[in-house]
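Q: model this:
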Amino acid sequence: MRRDVFQAIADPTRREIINLVADKPLNLNTVAQQFSISRPAISKHIKILVECGLIEINQLGRERFCKARTEQLAQVSDWIENFRHLWEARLDSFEEYLTQIQNKGNDDGKQRNE
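A: Predicted coordinates for the structure are as follows:
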């Protein structure tokens, strides 16, 4: 099964693993100790992250270290950027609508006081 970045970040545990190793590489045991789930479950999450290219595993002596490859998250950023303009336009329209309603309410109040 071909996996993509969106599948990887869909799971909160995998997002947390990415956060943990984003600053510096950590060995697999250190990563696993941060979670209250089994080590085999963490291994499955790490396998998915490797398949998606979000982390890489490097062997150093007897230890295996997870290193983040956050440049892969650019796919997510690019996809979201496609919708940013749409949402900005909708929010601008909504702001204009609210301003019109507010101004209309202020105009009605002035007419009653006169």
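
Q: dump the residue contacts of T13.
A: 35, 37, 41-42, 45 (C-beta atoms under 8 Å, 6 or more residues apart in numbering). Using the backbone N, CA and C atoms, a C-beta is placed for each residue, glycine as well.

Q: closest one of the residues you listed to S93?
A: Of all the contacts of T13, the one with the least separation from S93 (C-beta to C-beta) is H45, at 41.1 Å.

Q: and the one helix or strand that closest one maps to, what's buried?
A: Secondary structure assignment for H45, by DSSP states H and E: helix 39-51. Buried residues in helix 39-51, counted by 16 or more other C-beta atoms under 10 Å: 42, 45-46, 48-50.

Q: could I get those residues as CSV with pLDDT and distance to K24?
A: As requested, these are exported to CSV (pLDDT from 0 to 100; distance: C-beta to C-beta, whole Å):
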residue, pLDDT, distance to K24
I42, 96, 18
H45, 96, 19
I46, 96, 16
I48, 95, 21
L49, 96, 16
V50, 95, 18
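
Q: taking those together, which two end up most distant?
A: I42 and V50 (12.5 Å).

Q: packing partners of the longest helix anywhere in the chain?
A: When the chain is parsed with DSSP state H, its longest helix is helix 74-113. Packing partners of helix 74-113 (3 or more C-beta pairs under 8 Å, 6 or more residues apart in numbering; DSSP states H and E): helix 5-9.
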